[in-house]
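[1] Just a sequence and a predicted model for now, questions to come.
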Amino acid sequence: MSHAPITPKVLVIDDDNDLRYSLKRVLSGRQYEVLEAASGEEGLSMAEQHNPHVILLDNRMGGMSGMEALQHLRGINPNAMIILMTAYGTTQTTIEAMKFGAFDYIMKPFDLKKILTLTESAIAASKDLDKAGKEEAAPAVSNEDIEGGIIGSSSAMQEVFKMIGQVAASDVTVMVTGESGTGKELIARAIYQNSLRAQKPYIAVNCAAIPENLIESELFGHEKGSFTGATNQRIGKFELCDGGTIFLDEIGDMALTTQTKILRALQEGEIQRVGSSETIKVNVRMLAATNKPLEEMVKDKTFREDLYYRLNVVRIQLPPLRERKEDVPKLIDFVLKRLARDSKADTKSISPEALALLNQYRWPGNVRELENLIYRSAVLAQGDMILIKDLPQEVVKAIHAASPSAAPEPSTTEVEPVAEDAVVEVAPQETMETAAVAERVPAPDPTTLLGQPLPDPYDAVYQALRDSHDTNILEHAERALIARALGESGGKQVRAAEILGMTRATLRKRIDQYDLG
Ligand SMILES: Nc1ncnc2c1ncn2[C@@H]1O[C@H](COP(=O)(O)OP(=O)(O)OP(=O)(O)O)[C@@H](O)[C@H]1O
C-alpha cells in the first residue's frame, strides 16, 4: 500500500499537447505534482514509476486506447483513481470505463473548473482509501456468524441473546417488540430454532399483509362454501402448524374479532374453521411481534387487554440501531461477507472514513436499512472498498444536516456555489407559520463550497424563532416540524411519524395539541 505524500500526484495521459499543457497549468496551481505522458504506453510506465494518486486518461489516442490502458493501469496501480476523458456521446465507453473500475469519466470538451472539481474529489477518495489501508481492519465476522445470522456484541443485544436462551426451551409465549427493521422476525426464528419444537413446523404470518376479511381463513381455515370464493375446504396455519411454532408478525394490525379468536387459541388451545362449528384442538407455541405501541392501543381499545397480557408473558424489546451503534461495524462486515458468499465474489470492505460517517447516522430503518445501504454501496463501489463517494447522497446529506461537523462530503462532479441567503423551498401544503419560519432559514443543506462548511442551519432556525416568538421556542419548532412532515407525507400520519421518529399515538396527540388536524 502506497503512503500518500503531502503533495498529491496527478498523471495526465493524453496525446493532445495543448490539453496536457492546460491541465498541467491548472492542476499545478492547486499545488499538485503533475506528471505527463503523451501515450498509453508511456502512461503505463510513468504510473509504475511514480505511483500517482489520480490519473486523467484520454480515451482516444494513437497506439493503445484509453480503455486498454485503463485495464492495465488497474493492474499496475489498483489504488489510483482514474478519470477517463471521453468524446461526447460515447455512452458505451462510459459504461465500460466504470465497469473496469474508473473513478469517474468526463466528456470532452470540458470546462477546466469541472475537471478540477473532479480531480479534487478523486484525491479525497484516494486519501480515504490510503488511510483505510493503514488503519485496523473492521472486526471480523466468522462463518459461524454468517450461518447463525444474528449479529450483536452490544450489551443490549447480549441481553437479548440471553433471553432467547432462557425462553427457548419452554413453551412460553414471547412478544418481540421494536422499531421496524430491528430484527424481530430474526429473533422469533432464533427462539424457534433453539426450542424443543425445532424439528416441528414454524410458520410466520404477517398479519399486516393479509386483508382483514381473509386473515381468519388464513389462520384457522374455512369450510367449502363458507363465504363467496370459498370453493374448497382450506386448512389454516394453526392446524398446519400443530406441534410447532407460529409467529404472528405485526400483531398490532389485527382486527378485534380476530384477536378474540387468537385469545381462544392461546387460552384453550382450540380453533374453529370459518363456517364450521366443530372445535379443533391445536398444540401451537405462539410468538408475536409488533412495532406498534400496544399499551396505547389497549388504552384506545383497539387492542384487547386480555390478549395483550396473554401475549406479553415474556417481552423481548429490541433496541433501535442508533442505541447500539457499536454493532454497526460488525453488521456491515457481516452483510459484506454474506454478499460475497451469495454472489461468489471477493469480499469488499469499507473505508474507515465511510464507516466513521455511517457511525453518525441515525438509521431510521434500523438493520434493514443498513443491509440495503451496504448492498447498494457495494454494487456501486468500483474497487474492492466502499468509499464515502459510494454511499447514498441522501444518507450523507442527512448525516451532515444532523451534525454539520461530520467528515466532509465528497465533492461530486460539479459543486454549484451556494448563495449565502439560500432559502428552503416552501411546499404548497405547508402552513403559513412553517413557511414564515422557513423563509428566513438557510437551507439545511450540508453542501460544502470548496470545502468550507456552511453556517450551522440550526442557528438560523433558532434566530428566526427567537425573532418571531419570545417564548415557547421548542413548541413552535415542534409544531413547524410536524406540519412540515405532514406536508411531505401528504397528510399520512404513519409516514409523518416515521420521518419525525415518534410514535403515531404521540403524533396524534401533538396534532390535537397544535391544532394541525
Ligand atoms: N442482529 C442482526 N444481525 C444480522 N441481521 C439482522 C439483525 N437484525 C436484523 N437483521 C436483518 O435485517 C432485516 C430486517 O430484520 P427483520 O425482518 O427481522 O426486522 P423486523 O423487526 O421484523 O422488521 P418489521 O417490523 O419491519 O417486520 C433482515 O434481513 C434481517 O436478516
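    Looks like it came in fine.
[2] can we go C-alpha only for contacts and neighbour counts from here?
    Fine.
[3] which of the residues in the stretch of helix or strand Asp342 belongs to are buried?
    Taking DSSP states H and E as the criterion, Asp342 maps to helix 328-343. Using 16 or more other CA atoms under 10 Å as the test for burial, helix 328-343 gives 328-339.
[4] Check stretch 149-162 too.
    For stretch 149-162, burial by neighbour count (16+ other CA under 10 Å) applies to 150-153, 157, 159-161.
[5] Mean confidence (pLDDT) on stretch 98-118, please.
    Averaging pLDDT along stretch 98-118 gives 84.
[6] so Gly517 touches Ile511, yeah?
    Yes: with contacts counted by CA atoms under 8 Å, Gly517 reaches Ile511, the gap being 5.8 Å.
[7] out of these two, which sits in the busier spot?
    Ile511 (17 against 11; other CA atoms under 10 Å).
[8] what packs against the helix or strand that contains that one?
    Per DSSP H and E, Ile511 falls inside helix 504-513. Other elements packing on helix 504-513 under the criterion 3 or more CA pairs under 8 Å, 6 or more residues apart in numbering; DSSP states H and E are helix 493-500.
[9] Keeping just the C-alphas, turn stretch 309-316 into PDB.
    Output of stretch 309-316 as PDB, limited to C-alpha atoms (Å, rounded to 0.1, in the frame of the first residue of the first chain):
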ATOM      1  CA  TYR A 309     -51.300  -9.800  28.800                       C
ATOM      2  CA  ARG A 310     -51.500 -13.300  27.400                       C
ATOM      3  CA  LEU A 311     -49.000 -12.500  24.700                       C
ATOM      4  CA  ASN A 312     -46.800 -10.400  26.800                       C
ATOM      5  CA  VAL A 313     -45.800 -13.100  29.200                       C
ATOM      6  CA  VAL A 314     -42.200 -12.600  28.200                       C
ATOM      7  CA  ARG A 315     -41.300  -9.400  26.300                       C
ATOM      8  CA  ILE A 316     -38.100  -9.000  24.300                       C
END
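[10] which parts of the stretch 51-200 of the chain sit against the ligand?
    Residues of the stretch 51-200 of the chain lying close to the ligand by CA under 6 Å from any ligand atom are 149-152, 180-186.
[11] would you turn the residues you listed into CSV with secondary structure?
    Formatted as CSV, those follow (DSSP: H, G, I helix; E, B strand; the rest coil):
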residue, secondary structure
Gly149, coil
Ile150, coil
Ile151, coil
Gly152, coil
Ser180, coil
Gly181, coil
Thr182, coil
Gly183, coil
Lys184, helix
Glu185, helix
Leu186, helix
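[12] so where is this structure shaky, pLDDT-wise?
    1-6, 88-92, 94, 99, 132-148, 404-472 (pLDDT under 70).
[13] Going by neighbour count, which residues of the longest helix along it are buried?
    As assigned by DSSP state H, the longest helix anywhere in the chain is helix 112-134. Neighbour counts using 16+ other CA under 10 Å place 115-132 of helix 112-134 among the buried residues.
[14] again, but for stretch 97-116
    The neighbour-count check on stretch 97-116 (16+ other CA under 10 Å) flags 97-98, 100-106, 115-116 as buried.
[15] cool, and stretch 213-227?
    For stretch 213-227, a neighbour-count test (16+ other CA under 10 Å) marks 215-224, 226 as buried.
[16] Return the member of those nearest to the ligand.
    Taking CA to the nearest ligand atom as the measure, the ligand sits nearest to Ile215 out of those, at 17.4 Å.
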